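Engineer: A predicted structure for the sequence below; I have some questions about it.
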Amino acid sequence: MSLEAIEHTEPTSSAPPRRESARMQDAVAIIAVAVLFVTAWQFLPPLFGIPRYIIPTFSQCMVEIPVMIAQDALFAQIISSAWAALAGFVLGSLFGAACGYGLGLSPLFERVLAPYLLALQIAPKVAFAPLFIMWFGYNDLPKVLVTALIVFFPILVNVLQSMKTVDPDLVRLARAFSMRRAQIFWKVEFPASMPSLTAGLRIGATLAVIGVTVGELVGGNSGLGYLITYGEGQADTAMVFDAIILLTLLGIALYGAVAALERRILHYLPRIAHS
Amino acid sequence: MATELEFRAVTRKFAAHGKGGVVTAIEGLNFSVEKGEFVAVLGPSGCGKSTLLGLAAGLDQPTSGQVLVEGQKVRGPNPRVAFMLQKDLLLPWRNLAGNIAFGLEAGNLPATEKQVRVQRELQRARLTDFAAAWPHQLSGGMRQRAALARTLAVDPGIILLDEPFSALDAQTKLTLRRSFAATIAEAGVTALLITHDVSEAIAMADRVLVMSPRPGRIIETLEIDLPHREDPLARSRHPRFGSLFDHLFEHLQHDDELVA
Ligand SMILES: Nc1ncnc2c1ncn2[C@@H]1O[C@H](COP(=O)(O)OP(=O)(O)OP(=O)(O)O)[C@@H](O)[C@H]1O
Ligand SMILES: [Mg+2]
């Protein structure tokens, strides 16, 4: 029994206790940097005599926000951009994942379509925005489509790559257990691709905001991107700053949601289980 | 006694990389494994041991000759044959019980029967307390025991083990050999163990086949008529162990000279 005991090690224990304090230190440092940055933003431009139409100070940007709420329907604009980002992201992700799995299952299709996919991937997707506006008009559809198009590729590429790198011995094992092709996909290849899929989704989340912004800059009549062009026309630099900040926050929110989803899906990975 | 697995003049050739050449992995291989027997296959690296296993599992077809399992020609994967490798191949997204159930999901067993089988194998592998653990939480030895449990859960007639201990440290190896030997004896299943390790072969098997370097053929068969197949540690202390070892080692040595 003594030899047996050596093997019966307990599951990996939880994180060491000093981690909590290290995390606190990090948080303090991060907040300190934020305070430093805002302070510099507030006081440096006036100090160097930079006018507010070039770089408005932090407080000028904050004061602008209630004005935008009152005069420019800021909340509606935020919702418009957020909705388009989410819709485009979901649409692009679904198509990207579906194509990635489809091509992963069919090496022939993959070989035939690979050069075209590469060409499409290299093509600047934002340049499609004016085209979509010409096709679909001045509504929300073009910006959703540009977003979907931008989100599509990183997800397709990640999923396809993961399908090609599934451990062949795992597939052999499933085959030896007499599993059918569909079973091998759902029980082995699909779950094995999850880390790559969620990595693709994270990239897609950051790109979604770019898609929406471009769509709104080029031909929008709503959304934060539209406020950027509008503010530009009014020489209202604070409005442009605020719109950029809000778009960034939108991107962070989307990214955070995807990262949270990833932690739920990949709970079984040691790096996530221990973090 | 009934024959569980039989190779009849089996040859397997592969297209070699570049130059359009052909590699003959195994040639004219003849052997059989009786029901309930534990046979070890020893051979130098690259002599076609894993190829042999793929053929027996029905994952690969011979270039010529026949592979038979329970008298039936092997045409593809077959639920009577299950294998495990040096890698445990546990699915990281399934807990231990889910991993042991993996092989059962190909067929249409009722859910209750699956439950029963998983519990049975968890118990046999002494992993019941870890049913809900994730693979990354287990030691290498426990993971290999779980892989054996997954292999046995499908109630195979024969299990094929491709160097299942070779990735483990010496200490774990000894424990795990004993654990595997006991489990296999208890399950009463036929076993074909592929290994590089002469003492492992003697400690665990009823019979040892020695293969030549590529193209692999059987060049020696040795009955291991030692008691206690279920306890390799006891066997390795047996007075005749040394002479059996010397005999087999000589044959492997001989092969090295041929290669040189
Ligand atoms: N799918 C394949 N295509 C081409 N050649 C192959 C293939 N599978 C095996 N071979 C060749 O057949 C020979 C035997 O390979 P095999 O893996 O069976 O050897 P092995 O005895 O298991 O070796 P090791 O002890 O290193 O595991 C090798 O020369 C190998 O290169
Ligand atoms: Mg091998």
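Structural biologist: Now that the structure is in, tell me what you want to look at. Ligands and ions are numbered 1, 2, ... in the order given.

Engineer: buried stuff in stretch B:95-110?
Structural biologist: B:95-106, B:109 (16 or more other CB atoms under 10 Å in any protein chain shown). Just so you know, the C-beta spots here come from the backbone N, C-alpha and C atoms, and that holds for glycine as well.

Engineer: ok, which of these also contact chain A?
Structural biologist: B:102-103, B:105-106 (CB under 8 Å from any CB of the partner chain).

Engineer: state the distance from the closest residue to B:S179 other than its chain neighbours to B:P164.
Structural biologist: In this structure, B:S179 finds its nearest non-sequential neighbour in B:R145, 6.1 Å apart by CB to CB, 6 or more residues apart in numbering or on different chains. The span separating B:R145 from B:P164 equals 10 Å under the rule CB to CB, to the nearest Å.

Engineer: residues from the stretch 51-200 of chain B in reach of ligand 1?
Structural biologist: B:T51 (CB under 6 Å from any ligand atom).

Engineer: which residues in the stretch 51-200 of chain B form strands?
Structural biologist: With strands called from DSSP state E, counting those that start in this stretch, the stretch 51-200 of chain B shows them at B:64-69, B:72-73, B:81-84, B:158-162, B:190-195.

Engineer: and the second one, how far from the chain's centre?
Structural biologist: Taking the mean of its C-alpha atoms, strand B:72-73 sits 20 Å from the chain's own mean (CA atoms, centre = their mean, to the nearest Å).

Engineer: contact partners of it?
Structural biologist: By CB atoms under 8 Å, 6 or more residues apart in numbering or on different chains, the list of residues contacting strand B:72-73 from outside reads B:66-67, B:78.

Engineer: can you flag the buried ones in these?
Structural biologist: B:67, B:78.

Engineer: closest one to A:L117 out of the contacts of strand B:72-73, please.
Structural biologist: Taking CB to CB as the measure, A:L117 lies nearest B:N78 of those, at 39.1 Å.

Engineer: how much space between the closest one and A:A174?
Structural biologist: 14 Å.

Engineer: with B:K87 instead?
Structural biologist: B:K87 is 14 Å from A:A174, by CB to CB.

Engineer: of the two, who's got more company?
Structural biologist: Higher neighbour count among B:K87 and A:A174: A:A174, with 25 against 17, using other CB atoms under 10 Å in any protein chain shown.

Engineer: domain ranges for chain A?
Structural biologist: Using automatic domain parsing, the domain parsing of chain A gives A:1-51, A:65-265.

Engineer: deepest in the core, which of those domains is it.
Structural biologist: domain A:65-265 (a mean of 19; mean count of other CB atoms under 10 Å in any protein chain shown).

Engineer: do it and ligand 1 meet?
Structural biologist: No. For domain A:65-265, no contact with ligand 1 is found by CB under 6 Å from any ligand atom; the gap never falls below 10.0 Å.

Engineer: average pLDDT for that domain, rounded please.
Structural biologist: Averaging pLDDT along domain A:65-265 gives 93.

Engineer: check which helix or strand B:A40 maps to.
Structural biologist: With secondary structure defined by DSSP states H and E, B:A40 is part of strand B:38-42.

Engineer: wait, B:F241 sits on B:I202?
Structural biologist: Yes. B:F241 is in contact with B:I202 according to CB atoms under 8 Å; the separation is 6.2 Å.

Engineer: give me the common contacts of the two.
Structural biologist: With CB under 8 Å, 6+ apart, B:F241 and B:I202 have common neighbours B:226, B:235.

Engineer: neighbour count winner among those two?
Structural biologist: Counted by other CB under 10 Å, B:F241 and B:I202 do not tie: B:I202 has more neighbours, with 25 against 16.

Engineer: where does chain B have its least confident helix or strand?
Structural biologist: Lowest by mean pLDDT, DSSP states H and E among the helices and strands of chain B is helix B:241-259, with a mean of 76.

Engineer: look up how far chain B lies from the one residue in the stretch 101-250 of chain A that gets nearest to ligand 1.
Structural biologist: Closest approach between the stretch 101-250 of chain A and ligand 1, counting by CB to the nearest ligand atom: A:P168, at 10.0 Å. Computed as CB to the nearest CB, to the nearest Å, the A:P168 to chain B distance reads 11 Å.

Engineer: and for A:P142?
Structural biologist: From A:P142 to chain B the distance is 39 Å (CB to the nearest CB).

Engineer: sec struct for that residue, please.
Structural biologist: Following DSSP: H, G, I helix; E, B strand; the rest coil, the label given to A:P142 is helix.

Engineer: and the residue lying closest to it once chain neighbours are set aside, backbone torsions?
Structural biologist: Nearest non-adjacent residue to A:P142, counting by CB to CB, 6+ apart: A:F132, 3.7 Å away. Dihedral pair for A:F132: phi -60, psi -30, per degrees, to the nearest 10.

Engineer: ok, A:F132 - contacts?
Structural biologist: Contacts of A:F132 by CB under 8 Å, 6+ apart are A:141-142, A:145-146, A:215.

Engineer: also B:L59?
Structural biologist: A:172, A:175-176, B:77.

Engineer: turn those into CSV, including secondary structure.
Structural biologist: Compiled in CSV, these are given as follows (three-state DSSP):
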residue, secondary structure
A:R172, helix
A:R175, helix
A:A176, helix
B:P77, coil
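
Engineer: what number of residues lie near the one residue in the stretch 151-260 of chain B that gets nearest to chain A?
Structural biologist: In the stretch 151-260 of chain B, the residue that lies nearest chain A is B:T175 (4.5 Å; CB to the nearest CB). Neighbour count for B:T175, taken as other CB under 10 Å: 21.

Engineer: any idea of the pLDDT on A:T12?
Structural biologist: Reported pLDDT for A:T12: 41.

Engineer: thought B:R143 was touching B:P135?
Structural biologist: Yes. Using CB under 8 Å, B:R143 is in contact with B:P135, at 6.1 Å.

Engineer: what touches both of those two?
Structural biologist: Listed contacts common to B:R143 and B:P135 are B:88, B:90; contacts here mean CB under 8 Å, 6+ apart.

Engineer: save the strands of the stretch 51-200 of chain B as JSON lines, and put in mean pLDDT too.
Structural biologist: Formatted as JSON lines, these follow (pLDDT from 0 to 100):
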{"stretch": "strand B:64-69", "mean pLDDT": "95"}
{"stretch": "strand B:72-73", "mean pLDDT": "94"}
{"stretch": "strand B:81-84", "mean pLDDT": "94"}
{"stretch": "strand B:158-162", "mean pLDDT": "96"}
{"stretch": "strand B:190-195", "mean pLDDT": "96"}
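
Engineer: element containing residue 25, please.
Structural biologist: Going with chain A. helix A:18-47.

Engineer: the intended chain is chain B.
Structural biologist: strand B:22-34.

Engineer: so what does that strand touch, helix or strand wise?
Structural biologist: strand B:3-15, helix B:49-56, strand B:190-195, strand B:218-223 (3 or more CB pairs under 8 Å, 6 or more residues apart in numbering or on different chains; DSSP states H and E).
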